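**Student:** model this:
(chains A, B, C and D)
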There are 2 protein chains.
Amino acid sequence: MVTIRDVAAHAGVGESTVSRVINESPRVSPETRSRVLAAIAELHYRPNPLARGLSLGRCQTVGVIVPFFTHASAVERLRGVGAAMDDSRYDLVLFNVESPLHRSEHVATLHRRDRADGLLVLSLPLPPDELERFTRAQVPVVLVDTRGEGVPTVVTDDIEGGRIATRHLAALGHERIAFIGEDPDNDFGFSSSAQRELGYREVMRDAGLTVHPELVRYAKHDRRVAQRVTEQLLSQRVRPTAVFAASDIQATGVLAAARAAGMHVPDDISVVGFDDIEISSYAGLTTVRQPLYESGRLGAQLLLRALTRGETPGADAHVLPLELVERSTTAPPKRR
Amino acid sequence: MVTIRDVAAHAGVGESTVSRVINESPRVSPETRSRVLAAIAELHYRPNPLARGLSLGRCQTVGVIVPFFTHASAVERLRGVGAAMDDSRYDLVLFNVESPLHRSEHVATLHRRDRADGLLVLSLPLPPDELERFTRAQVPVVLVDTRGEGVPTVVTDDIEGGRIATRHLAALGHERIAFIGEDPDNDFGFSSSAQRELGYREVMRDAGLTVHPELVRYAKHDRRVAQRVTEQLLSQRVRPTAVFAASDIQATGVLAAARAAGMHVPDDISVVGFDDIEISSYAGLTTVRQPLYESGRLGAQLLLRALTRGETPGADAHVLPLELVERSTTAPPKRR
DNA sequence: TTGAAAGCGTTACCAC
DNA sequence: GTGGTAACGCTTTCAA
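**Tutor:** Here you go, the predicted structure:
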């Protein structure tokens, strides 16, 4: 392996001079610089990032904590992150979180500059004390799709999202509108679904519609599970004429259940989802679109900016817009 | 930041002893060990991976080179990789490849032990000389969904996959079977699609069916593009009664095009895809299933095994099974 | 069984 | 402008 020492010898200069050339210091004469550059090229020299990191106290790496398996939408966000990181000099290290234990483990190791220079947390709620450990350790953190004190966040207004979806259904004339979302008591503390439910309840109340308890169901963020739950929902006495699913993944499960029950969408039942993932446009699903890809990209950009400027990023919340995408799964209810 | 030195001082021992404890050397007395362990716990000490890597000559990191954006199926493979790496002590560094230039860049930096201890290449063909640089640099490489000499690979038999799909359609009685795949002249040198086309052509010939040149079309690995190409296909003189799409992403485009043309699937036209991704079961797509998740998992396992044993892994090709999944997009052609 | 010290490849401070 | 050298935090010989 060729080191800075070899380059120095080959170019007939000192190690520090080579280092200066590498780091583009202005305190090198043009001739020396070109001689060193030639030596570097000739020997195919590349600085050892480990040694560099040890000396510098940082490692040119951005860590991303993400519930990779739990949330399909996380992938789309991750894509945005990847895109933003592409032109940067930072490596992207993935910390997958499958369980709450997992999360604590990663958090414990990551609040030091030698693991990652900065951290991006996707969709995962972080307790305030854990969050504080990062700021104390001077590790910049950006939160995407989760809230937190004192750090920049990229979020959407989930309550408003719930309103948008429900308002759309109510405006079409629906009265028995069901809600299918994630259990508010989930292990990770995911709260988006609960927020959307809040918006749903608010609009229902304001429209003078009653939320029958049997019309609110919880299911894991998974198509098949949502399908099963919807089948129960549809087999009961009080049938909804519309369903608001807190995610598109779940909405496709609702669609499948309706189909299996011999119901026609949207004539027999309307369905609204949330996210607008790849599958949604294919399924013709009416949904509340949130900019997944963009959220990841923006989050990464904020982090990179903080990293390159060396400043702690402002703790402002960037609220990304939500938008109703009307496709073919919603229509006025049938006349009885 | 607490270092090994602090721990040593706190426990009243030498640094090397602490190091031995960390690395589970047997040459430490039980009492000393527990004293050191206590100090570690008390000070919340964690070894600096950078320093450790520099000293050790490796960095406890696995690099994954993956066309993250180009191929949707890569994500599913990546999930498998993530699962396999979860219980390991290795970090997962993502190297996204969006362009051939991108690939060369990453390859250039990665053939050294200081960037990654081992490498996983997903779906990306690597020129033999680039591959050789890794083996020369003693960096273990495992190829998933690509072939290469001298390194372990995890693949499927794409030619056979093409046969399976086409045989299914031919057995149903179809004669004018179209093929939609990726352009064999693509920038990356992806060849799976071309292989599947080979299998398609072989079965067509053996069945005495002619492959009309107008019935073979190329489109990017993208639903909308595939849809556009299919629209052209369906608007021409000789209409196919069945389409074999080289990927499910493209197959959903075919489905959308047929729907837009007012055709009913499978009555008017049959469609077979390839991969069996998440969307396929939802769409009821008949497809050739390949174990995406499993391929990533196996690849990562092979790499980890090689890494922990310190041995160069055997250069054998693990061929994963392919399987026809019959759903509701294929049926015998209508009688004319 | 333990500790002192050299070394891993780099950067940065201090002389010249 | 440039070179020598101490540091960065760890592992690993080598002695004791």
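**Student:** could you use CA atoms for every contact and neighbour count after this?
**Tutor:** OK.
**Student:** how about the residues of the stretch 201-336 of chain A near DNA strand C?
**Tutor:** Contact residues, the stretch 201-336 of chain A versus DNA strand C (Cα under 7 Å from any atom of the strand): none.
**Student:** what segments of the stretch 201-336 of chain A are strands?
**Tutor:** Residue ranges of the strands in the stretch 201-336 of chain A, as given by DSSP state E, counting those that start in this stretch, are A:216-218, A:242-245, A:270-275, A:286-289, A:317-320, A:323-325.
**Student:** mind listing what the residue of chain A at minimum distance from chain B touches?
**Tutor:** Nearest to chain B, among the residues of chain A, is A:V93, at 4.4 Å (Cα to the nearest Cα). Residues near A:V93 by Cα atoms under 8 Å, 6 or more residues apart in numbering or on different chains: A:T61, A:V62, A:G63, A:V64, B:D91, B:L92, B:V93, B:L94.
**Student:** center of chain A, which residue is that?
**Tutor:** A:L122 (4.0 Å; Cα atoms, centre = their mean).
**Student:** surely it meets A:V141?
**Tutor:** No - between A:L122 and A:V141 there is no contact under Cα atoms under 8 Å: 10.8 Å.
**Student:** and A:F68, which of the three is it?
**Tutor:** coil (DSSP: H, G, I helix; E, B strand; the rest coil).
**Student:** my bad, should have said A:L120
**Tutor:** Going by three-state DSSP: A:L120 is strand.
**Student:** where do the helices sit along chain A?
**Tutor:** A:4-11, A:15-22, A:30-43, A:49-56, A:72-86, A:100-110, A:128-136, A:158-172, A:192-206, A:223-234, A:248-260, A:278-283, A:292-309 (DSSP state H).
**Student:** how about stretch A:100-108 and chain B, touching?
**Tutor:** No - judged by Cα under 8 Å from any Cα of the partner chain, stretch A:100-108 and chain B are separated, with a smallest distance of 9.1 Å.
**Student:** counting neighbours, which bits of that stretch end up buried?
**Tutor:** By neighbour count on 16 or more other Cα atoms under 10 Å in any protein chain shown, the buried set for stretch A:100-108 is A:R103, A:V107.
**Student:** that one near DNA strand D at all?
**Tutor:** No - no part of stretch A:100-108 sits near DNA strand D under the criterion Cα under 7 Å from any atom of the strand; the closest distance found is 14.8 Å.
**Student:** got it, and stretch A:25-43?
**Tutor:** Yes - using Cα under 7 Å from any atom of the strand, stretch A:25-43 reaches DNA strand D at A:R27, A:V28, A:S29, A:P30, A:E31, A:T32, A:R33.
**Student:** taking those, tell me the two that lie furthest apart.
**Tutor:** Farthest pair in the residues of stretch A:25-43 next to DNA strand D (Cα to Cα) is A:R27 and A:E31. Separation: 11.9 Å.
**Student:** ranking the helices of chain A by burial, who's on top?
**Tutor:** Highest mean neighbour count of those: helix A:248-260, a mean of 24 (counted as mean count of other Cα atoms under 10 Å in any protein chain shown).
**Student:** show me what that helix is packed up against.
**Tutor:** Packed against helix A:248-260 by the contact rule (3 or more Cα pairs under 8 Å, 6 or more residues apart in numbering or on different chains; DSSP states H and E) you find helix A:223-234, strand A:242-245, strand A:270-275.
**Student:** quick one: average pLDDT of that helix?
**Tutor:** Averaging pLDDT along helix A:248-260 gives 97.
**Student:** off-centre distance for it?
**Tutor:** How far helix A:248-260 lies from its chain's middle: 23 Å, per Cα atoms, centre = their mean, to the nearest Å.
**Student:** just the CA atoms of it, as PDB, please.
**Tutor:** Extracted C-alpha coordinates of helix A:248-260, given in PDB (Å, rounded to 0.1, in the frame of the first residue of the first chain):
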ATOM      1  CA  ASP A 248     -51.000   3.600   0.800                       C
ATOM      2  CA  ILE A 249     -49.700   0.200   1.800                       C
ATOM      3  CA  GLN A 250     -52.700  -0.200   4.000                       C
ATOM      4  CA  ALA A 251     -55.000   1.300   1.300                       C
ATOM      5  CA  THR A 252     -54.000  -1.400  -1.100                       C
ATOM      6  CA  GLY A 253     -55.000  -3.900   1.500                       C
ATOM      7  CA  VAL A 254     -58.300  -2.200   1.800                       C
ATOM      8  CA  LEU A 255     -58.700  -2.300  -2.000                       C
ATOM      9  CA  ALA A 256     -57.900  -6.000  -2.000                       C
ATOM     10  CA  ALA A 257     -60.400  -6.700   0.800                       C
ATOM     11  CA  ALA A 258     -63.100  -4.800  -1.000                       C
ATOM     12  CA  ARG A 259     -62.400  -6.700  -4.200                       C
ATOM     13  CA  ALA A 260     -62.500 -10.000  -2.300                       C
END
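**Student:** ok, residues contacting it?
**Tutor:** A:72, A:180-181, A:221-228, A:230-231, A:234, A:243-245, A:264-265, A:269, A:271-277, A:280, A:283, A:287, B:282.
**Student:** let's see it at 7 Å
**Tutor:** With contacts defined as Cα atoms under 7 Å, 6 or more residues apart in numbering or on different chains, helix A:248-260 is touched by A:221-224, A:226-227, A:230-231, A:245, A:272-277, A:280.
**Student:** point out the residues in the stretch 101-250 of chain A that sit beside chain B.
**Tutor:** A:D114 (Cα under 7 Å from any Cα of the partner chain).
**Student:** and the residue of the stretch 101-250 of chain A nearest DNA strand C?
**Tutor:** Here the stretch 101-250 of chain A gets closest to DNA strand C at one residue, A:D114, 12.9 Å apart by Cα to the nearest atom of the strand.
**Student:** could you report the neighbour count for the nearest residue in space to that residue that is not next to it in sequence?
**Tutor:** Excluding the flanking residues, the one nearest A:D114 by Cα to Cα, 6 or more residues apart in numbering or on different chains is A:R58, at 5.8 Å. Neighbour count for A:R58, taken as other Cα atoms under 10 Å in any protein chain shown: 19.
**Student:** ditto for A:V243
**Tutor:** Look at A:V243: counted by other Cα under 10 Å, it has 27 neighbours.
**Student:** so what pLDDT did it get?
**Tutor:** Confidence score, pLDDT, at A:V243: 98.
**Student:** now it: how far from A:S270?
**Tutor:** According to Cα to Cα, to the nearest Å, A:V243 and A:S270 sit 6 Å apart.
**Student:** got it, and A:V107?
**Tutor:** From A:V107 across to A:S270, the span is 42 Å (Cα to Cα).
**Student:** just to revisit the earlier point, now the residue of chain A closest to chain B. Nearest residue, chain neighbours left out?
**Tutor:** That would be B:V93: by Cα to Cα, 6+ apart, it lies 4.4 Å from A:V93.
**Student:** likewise for A:V141?
**Tutor:** Leaving aside its sequence neighbours, A:V141 sits nearest to A:L119 (Cα to Cα, 6+ apart; 4.7 Å).
**Student:** and for the one you found, the neighbour number?
**Tutor:** Neighbours of A:L119 (other Cα under 10 Å): 27.
**Student:** how about the one 5 residues further on?
**Tutor:** The burial count assigned to A:L124 is 21, neighbours taken as other Cα under 10 Å.
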